[in-house]
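J.: Following is a predicted model, sequence given first.
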Amino acid sequence: MIKIEKVNKYFNRRKKNEIHVINDTTLTFDKTGLVALLGPSGSGKTTLLNVIGGLDKVNKGKIYINGERITKRSMNKIDKIRNLNVGYIFQDYKLVDDLTVFDNVALVLKTSGIKDKKEIKTRVNYVLETLNIYRYRNRYANMLSGGERQRVGIARAIVSEPDIIIADEPTGNLDSKHTLEIMNIIKSISKNRLVILVTHESDLAKFYASRVIELEDGKVISDYANTGADDLDYRLENNIYLKDFKNHNIIKDDNVNIELFSDNKENIDLNIIVKNGNIYINSKTSEKLELIDENSDIKLLNENYKKIDKTIYEKYEFNFGEVINKNIKKRYSSIFNLFTLTLNGFKKIFDYSFIKKVLLLGFFAASMFILLSYSRIFAALNIEDKDFVTYNKNYLQIIMNKINVDDYLEYEKNENVDYLIPGNSHVSFIFPLKDYYQTMEFQASLAGSLSSTEMINKEDIIIGRMPTSKNEIVIDLMNYDQMMKDKNIKQIGINTPEKLIGRKALITNMEDFTIVGIVDLESPSIYVDNSNFINILSSQNSNYYYTDRNIYMDSSQSSSNVEIFNYELFKEDIIIKKGKEPINDYEIIVSEENSFMYPLNKTIDEKINDTKLKVVGYYSSNDNMNYIYTNNNTVKYKIIENNQNITVYPKDKEAALAYFREKNLNINDTFELSRKEYMENARSSINSTIIVSSIVIAISLIEIFLMIRASFLSRIKEIGIYRAIGVKKSDIYKMFASEIGAITIIACFTGTAFMAYILKNLSEIVYFKNIFLINPLVIILGVLTSIVFNLLVGLIPVYNVLRKTPANILARHDI
């Protein structure tokens, strides 16, 4: 039973074009019967029907369905009440075109909580058979005629056995034949339930309805029980009653029998030819010819027309009680589960039209550009230590104009200092490439930050071993990467770090060094024994070059300072002829060939640490060496004086920084300083990369938005249909989410995977290594962006539509 009390509804409320479409209406409807709402266009009958059925809201008043109020309640609660109590028949059928007849009807059962497949099949087949459309059960709805589609709509309305049926001009789009068929069915339904019908055909209403309510300008102007016409003067357009014609002429001759029916004397001039079982008719007049056979909609009846009586609808019976399982209780339910959602999502995509499938290429391309842009952004932001680290990460550096030797020696003794290195610690070893005859003269450079082997331990070694002698060294993997930029190294077959183990590295004037280990501390360091520091540093600025233990002056170099070497390195190759060894600081020995230039036990003009050097001996050698030798300390002082910076390896970095800053020295953490300088130089490039990539991402997302919106606009009618028949809002969200998920998997995932493959290969090329970064995080971010944006763009319009009432959605499905 339905009860409405003082209901008012307005269109364009409080505007100049306000319409009071339902005006203070109060009505009560019984449990059974066919109630017809009559009135001219704009009288408010469809709006009244919509608010009664819960498809629209009212501004004032109350509406009760079977005792439950549906006004001023949440849409979810209204949906539950109307789903379990009301069935809907629409003028334009409101079928889901891409579902079969069976599935369209079964859909309502699923929303009512009936999930048993056997029960669904029993109920659906029963109503389809009763309505004489069982043979169409596997056809898609868009393949049916208007009358057939309306029968499906009726089947859907009654299959869940609701107490109330509302029908909005169900015959409005049908011809006279189908109009009668549908009205007969509706009348039969009303025997044991309430049917509220909107129609503009008063003759039909007064013949079929048990009650008629007439409306005008939103008001009920008449409400009466219909005990009127027992018959209906309603001519079927497809029926021709032969006995109603005035003229009946018969032409009969042997095997020829032709009958002519007409109301007037017609001028008929025909040639009829029979050949090979075919009949050919040639008309010499202007009348239209139409063939009537067993497949034609036209029926020839050898009788007079007579009015229709009530027996025409009494033959229809719906006895659900005989077929349904009465133990199954209806409950408002979701129609989807995870499996069906996933399956339906992919099915929807595969059923796309060609144009929509082409749109998938847009999603594919957009996802590619999204990943490409993220790859560029992350590459720009991915500042790795190897990009800027040029010194050992543990080092501090004092920037000075000139180093005082005494100050340097004082700094060395500080408890927070492990050791000092004059200069910036950069050294370069010669890496000979004598593996082949063709490369005998080739050599490469092994450059890095001079560091002590005491910095590392066995656990740091990734290839090889720790040094066991002072002429064994360990390098960092970063040094290997730098070396591999020299194509000559690759030409001799060195293509992995392992192949560096056992190779020689040379320093002028010193014994050969052997690479015995490799670490991966992301610090471009060459780890050597501390005792070799001064001699290695001494060789770096020497104007001499090394060849097979012989030293030669480089004539292209000139210096105002005397070149001196550590006597300890050459003592086995020379013989003291006169005087003594240079044991003390600032003592030197020279070749006896130069004795005339350097008097024994006399000082020379050359100074180190503001102290003149003193000649204490002459030497000779088999190789005719002609150099100046001194002790290790003097060489060290010379190196200190020749540099402007001091590299500090601290025991405690913070304490060391504090100590040197107390002395007003400009000291920096080399790691932080290098990073800062790199970032300052790279900032403009990083910003431009981020801006350009962000624009590309934005364009890609806009493209996705436009494609999803174009697809969505064509689906508003579908949403309206689902909402009108009682499908939950959450189910509609799930339905679109599953479709978006399918699009994302088919187009976006494949696009992302394809671009990831391209970027992975590009990033392995040295030129592109710092341009593109591809890793799981970048891929996941690209995928998440596609998923989240697709869902947002896809579901926000759905949300905006679902905020409207079902009636409003259906009224605006063509936007």
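T.: Received, thanks. The structure presented is a predicted model; accordingly, all values stated were derived computationally and were not measured.

J.: Now Gly61: which helix or strand?
T.: Using DSSP states H and E, Gly61 maps to strand 60-65.

J.: got the buried residues for that strand?
T.: Buried positions in strand 60-65, judged by neighbour count with 16 or more other CB atoms under 10 Å: Gly61, Ile63, Tyr64, Ile65. For the C-beta atoms, the positions are set from N, CA and C on the backbone; glycine is no exception.

J.: again, but for stretch 333-348
T.: Ser333, Ile335, Phe336, Leu341, Asn344, Gly345, Phe346, Lys348.

J.: which two in these are spaced the farthest apart?
T.: Within these, Ser333 and Phe346 form the most distant pair, 23.6 Å apart (CB to CB).

J.: Regarding the chain, what is its longest helix?
T.: Longest helix in the chain, counting residues (DSSP state H): helix 670-713.

J.: partner strands of the strand holding Gly61, parallel or antiparallel?
T.: strand 2-11 (antiparallel), strand 68-69 (antiparallel) (DSSP bridges).

J.: Could I get the full set of helices for the stretch 401-550 of the chain?
T.: Using DSSP state H, counting those that start in this stretch, the helices of the stretch 401-550 of the chain run over residues 405-412, 477-483, 487-491, 533-540.

J.: Go through the third one and flag the buried ones.
T.: By 16+ other CB under 10 Å, the buried positions in helix 487-491 come out as Ile489.

J.: thinking again about what came up before, pipe the buried residues of strand 60-65 into TSV and attach distance to Leu174 per row.
T.: Converted to TSV, the buried residues of strand 60-65 look like this (distance: CB to CB, whole Å):
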residue	distance to Leu174
Gly61	34
Ile63	30
Tyr64	33
Ile65	29
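
J.: pLDDT and distance to Ile250 added to those residues, as CSV?
T.: Listed next are the buried residues of strand 60-65 as CSV, based on pLDDT from 0 to 100; distance: CB to CB, whole Å:
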residue, pLDDT, distance to Ile250
Gly61, 94, 68
Ile63, 95, 65
Tyr64, 94, 67
Ile65, 94, 63
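
J.: okay, and for the stretch 251-400 of the chain, where does confidence drop off?
T.: Along the stretch 251-400 of the chain, segments meeting pLDDT under 70 span 315-316, 318.

J.: Test my guess that Leu232 contacts Ala205.
T.: No. The criterion here is CB atoms under 8 Å, and Leu232 misses it with Ala205 at 10.6 Å.

J.: Between those two, which has more neighbouring residues?
T.: Per other CB atoms under 10 Å, whichever of Leu232 and Ala205 has more neighbours is Ala205, with 24 against 17.

J.: does the closest residue in space to Thr689 that isn't next to it in sequence sit in a helix or strand, and which one?
T.: Leaving aside its sequence neighbours, Thr689 sits nearest to Ala380 (CB to CB, 6 or more residues apart in numbering; 4.1 Å). Using DSSP H and E, Ala380 sits within helix 354-381.

J.: show me what contacts Ile708?
T.: Ile740, Asn790, Val793, Gly794, Pro797 (CB atoms under 8 Å, 6 or more residues apart in numbering).

J.: Dump the residues you listed to JSON lines, plus pLDDT, neighbour count and secondary structure.
T.: Converted to JSON lines, the contacts of Ile708 look like this (pLDDT from 0 to 100; neighbours: other CB atoms under 10 Å; DSSP: H, G, I helix; E, B strand; the rest coil):
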{"residue": "Ile740", "pLDDT": "83", "neighbour count": "24", "secondary structure": "helix"}
{"residue": "Asn790", "pLDDT": "83", "neighbour count": "26", "secondary structure": "helix"}
{"residue": "Val793", "pLDDT": "82", "neighbour count": "19", "secondary structure": "helix"}
{"residue": "Gly794", "pLDDT": "83", "neighbour count": "23", "secondary structure": "helix"}
{"residue": "Pro797", "pLDDT": "86", "neighbour count": "19", "secondary structure": "helix"}
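
J.: Alright, I will stop here.
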